[in-house]
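S.K.: What shape does this take:
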Amino acid sequence: MAKGILISAPSSGTGKTTVMLGLLRALAEDGLAVQPFKSGPDYIDPAFHLAAAKRASFNLDTWAMDNGLLNAISAQAAGADICIAEGSMGLFDGVATQGQTGFGSSAETAKRMGWPVVLVIDVGGQAQSAAATALGFKAYDPDLPFAGVILNRVASPRHERLTRLGMERAGVKVLGSLPRRGDLALPERHLGLIQAVEHPDLETAIAGYATFLRDHVDLEAIKSVALNGPDAPAAPLPTPPAQRIALARDAAFSFTYPHLLEGWRQAGAEILPFSPLANEAPAPDADLVWLPGGYPELHGGTLAAADTFRKGLQEHAATKPVHGECGGYMALGEALIDKQGNRHQMAGLLGLVTSYEKRKFHLGYRRAVLQNAMPGFDSGEALRGHEFHYSTILDEPDAPLANVFDADGNPVPETGSIKGHVTGTFFHLITGEQA
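M.R.: Numbering: from 1, shown residues only. Down below sits the predicted model:
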């Protein structure tokens, strides 16, 4: 495996995504083949990584994935000079109950991959005291390789000197110091960052991040602290649920884990993208239609008016399988109510009615034991996935698809649905459990 590091932080909101994107681009500009990864189940960041590194980013998830799948995904770094992984939330944040292989923290990913941690610390409002935070993170798990810190939101040269003095006393290496700049924040909405495809000028933003990182971070030191991970046997990537898969792909339907798509392609499946927002029907000769998650709630009126898309979907569902995840599941339902209270007619293949007017936060890992078969999996099989949305179910009259549990084994009410050839889930599939 190529050498690598993991970019993490004490908490969300410290600037690690900005650092990640700038570092990916700056190293790529230096002629390195840079392989990005995302620790945890985040759907949005990998698309930003792809834009920065010009190389597909993959999720590594120590709660949902067994060692064989983790090895298979890390093997996608073949030919890369360096791997850069971005953590989720704070470095040690995970779930309460151990899953297949762990608790799902970024620290676990770093240890499993053998990549040292570079901690991005927001030093605003403190100076030498920031060293106590860094020292605590360095000492919390003695088995975790810890490379050093990048100081973020530094107010002045004096502030930097004082903060560096604290780090020197604590024995923590400073790899960079980023001055405070208000224009570096990425736009956000209710699921976090906006999608990469929606950024008004993403290329200019990433180029600016790279210049900023190059001016204030020791890139040679970053490269020198990267370490090789262990070479280990890999299982196959997930196999495709059909040979010809019509995949909805636009601003309303964009959240599919990259390792799934790569596994489908490597196994010889044909992926046939189409855009519901452009009123395109799925390929009539597709074996399966798959609607990923995304932001259908932002495009309710457009989807309701997409008669060609809806007719093509209904014709396919009469004889062949259709599956939707999260936003895709909502689009398969009877209606979607947006945050203004407007009701939009959806495909009507399921009886599901969802509302964003009555927002309710749903977040977390999911383990589903199928009561009925769905594309690629038989009844009785167990799946691992992740759920993240704000919609409220007003009606879900169809037969349940699965018994669904959170990471601690507690049942959750979002069971998914099945009606004829149509299935849907609120969780995004990560992998099936291995027997």
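
S.K.: Walking through the stretch 101-250 of the chain, point out its helices one by one.
M.R.: 106-113, 129-140, 157-170, 202-216, 219-225 (DSSP state H, counting those that start in this stretch).

S.K.: And the third one, what's buried?
M.R.: Along helix 157-170, these residues count as buried under the neighbour rule (16 or more other Cβ atoms under 10 Å): H159, E160, L162, T163, R164, G166, M167, A170. For the C-beta atoms, the positions are set from N, CA and C on the backbone; glycine is no exception.

S.K.: Which other helices and strands does it contact?
M.R.: helix 129-140, strand 146-154, strand 174-179 (3 or more Cβ pairs under 8 Å, 6 or more residues apart in numbering; DSSP states H and E).

S.K.: got it, and the second one?
M.R.: Contact here means 3+ Cβ pairs under 8 Å, 6+ apart; on that basis helix 129-140 packs against strand 117-122, strand 146-154, helix 157-170.

S.K.: tally of neighbours for Y140?
M.R.: Using other Cβ atoms under 10 Å, Y140 has 12 other residues around it.

S.K.: Identify the residue nearest it in space, chain neighbours excluded?
M.R.: Nearest-residue entry for Y140: F92, 6.4 Å, with adjacent residues in sequence omitted and distances by Cβ to Cβ, 6 or more residues apart in numbering.

S.K.: about what we covered before: just name the most buried of the helices of the stretch 101-250 of the chain.
M.R.: Sort those by mean neighbour count, taking mean count of other Cβ atoms under 10 Å, and helix 106-113 sits at the top with a mean of 25.

S.K.: for R367, helix, strand, or coil?
M.R.: Secondary structure, DSSP: H, G, I helix; E, B strand; the rest coil: R367 is strand.

S.K.: Tell me the spacing between it and N403.
M.R.: 9 Å (Cβ to Cβ, to the nearest Å).

S.K.: about what we covered before: closest to E357 out of the helices and strands packed on helix 129-140?
M.R.: Evaluated over these, closeness to E357 peaks at strand 117-122, with 35.2 Å, by Cβ to Cβ.

S.K.: pLDDT of that closest one, averaged?
M.R.: When pLDDT is averaged along strand 117-122, the result is 98.

S.K.: Likewise for stretch 141-156?
M.R.: 97.

S.K.: Please apply the same query to stretch 251-271.
M.R.: 97.

S.K.: same question, stretch 35-43
M.R.: 96.

S.K.: Compare R367 and N403 (neighbour count), which wins?
M.R.: Shown here are R367 and N403; by other Cβ under 10 Å, R367 has more neighbours (23 against 15).

S.K.: which intervals of the stretch 101-250 of the chain have sub-threshold pLDDT?
M.R.: Within the stretch 101-250 of the chain, the ranges that satisfy pLDDT under 70 run 182-186, 188-194, 197.

S.K.: Tell me where the stretch 251-400 of the chain has helices.
M.R.: Under DSSP H, counting those that start in this stretch, the stretch 251-400 of the chain gives helices at 258-266, 300-304, 307-317, 327-332.

S.K.: can you list the helices and strands packed on helix 129-140 in JSON lines and add distance to D61?
M.R.: Converted to JSON lines, these look like this (distance: least, Cβ to Cβ, whole Å):
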{"stretch": "strand 117-122", "distance to D61": "17"}
{"stretch": "strand 146-154", "distance to D61": "22"}
{"stretch": "helix 157-170", "distance to D61": "31"}
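
S.K.: And those: which comes nearest A110?
M.R.: Using Cβ to Cβ, the helices and strands packed on helix 129-140 put strand 117-122 closest to A110, at 5.2 Å.

S.K.: so how far is that closest one off the chain centroid?
M.R.: Taking Cα atoms, centre = their mean, to the nearest Å, the mean C-alpha location of strand 117-122 is offset from the chain mean by 20 Å.

S.K.: Going by contacts, tell me the helices and strands next to it.
M.R.: Taking 3+ Cβ pairs under 8 Å, 6+ apart as the contact cut, strand 117-122 packs with strand 3-8, helix 106-113, helix 129-140, strand 146-154.

S.K.: Tell me how many other residues surround the nearest residue to L332 once chain neighbours are set aside.
M.R.: Once flanking residues are discounted, L332 sits nearest to G324: 4.4 Å by Cβ to Cβ, 6+ apart. The number of residues packed near G324 is 32, by other Cβ under 10 Å.

S.K.: Quick check: the closest residue in space to L383 that isn't next to it in sequence vs D42, distance?
M.R.: Once flanking residues are discounted, L383 sits nearest to A368: 4.6 Å by Cβ to Cβ, 6+ apart. Distance, A368 to D42, by Cβ to Cβ: 20 Å.

S.K.: So which of these two has more stuff around it?
M.R.: A368 (27 against 21).

S.K.: For the more buried one, list each beta-bridge partner.
M.R.: L383, V404 (DSSP bridges).

S.K.: Run a quick check on it versus P400, I expect a contact.
M.R.: No - the criterion here is Cβ atoms under 8 Å, and A368 misses it with P400 at 10.3 Å.

S.K.: what is in contact with the two at once?
M.R.: Each of G416 lies in contact with both A368 and P400 under the rule Cβ atoms under 8 Å, 6 or more residues apart in numbering.

S.K.: mind checking which of the helices and strands packed on helix 157-170 is nearest L219?
M.R.: Closest among those, once you apply Cβ to Cβ, is strand 174-179, at 8.7 Å.

S.K.: now A269: how far from T109?
M.R.: 28 Å.

S.K.: just T256 next, same as before
M.R.: 21 Å.

S.K.: Please apply the same query to V412.
M.R.: In terms of Cβ to Cβ, V412 sits 25 Å off from T109.

S.K.: Present the helices and strands packed on helix 157-170 as CSV; the columns should include distance to A335.
M.R.: Formatted as CSV, the helices and strands packed on helix 157-170 follow (distance: least, Cβ to Cβ, whole Å):
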stretch, distance to A335
helix 129-140, 47
strand 146-154, 44
strand 174-179, 47
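
S.K.: residues touching the nearest residue to S129 once chain neighbours are set aside, list them.
M.R.: Leaving out its chain neighbours, the residue that sits closest to S129 by Cβ to Cβ, 6+ apart is G166, at 7.0 Å. Shown in contact with G166 (Cβ under 8 Å, 6+ apart): A127, Q128, S129, A130, A131, A132.

S.K.: just L288 next, same as before
M.R.: P241, A242, R244, I245, A246, K320, P321, V322, H323, P375.

S.K.: with those residues in mind, which one is nearest to A221?
M.R.: The nearest one, if we look at the contacts of L288 relative to A221 and count by Cβ to Cβ, is I245, at 44.3 Å.

S.K.: sorry, back to before: from the contacts of L288, keep the buried residues only.
M.R.: Buried among the contacts of L288 by 16+ other Cβ under 10 Å: P241, A242, I245, A246, K320, P321, V322, H323, P375.
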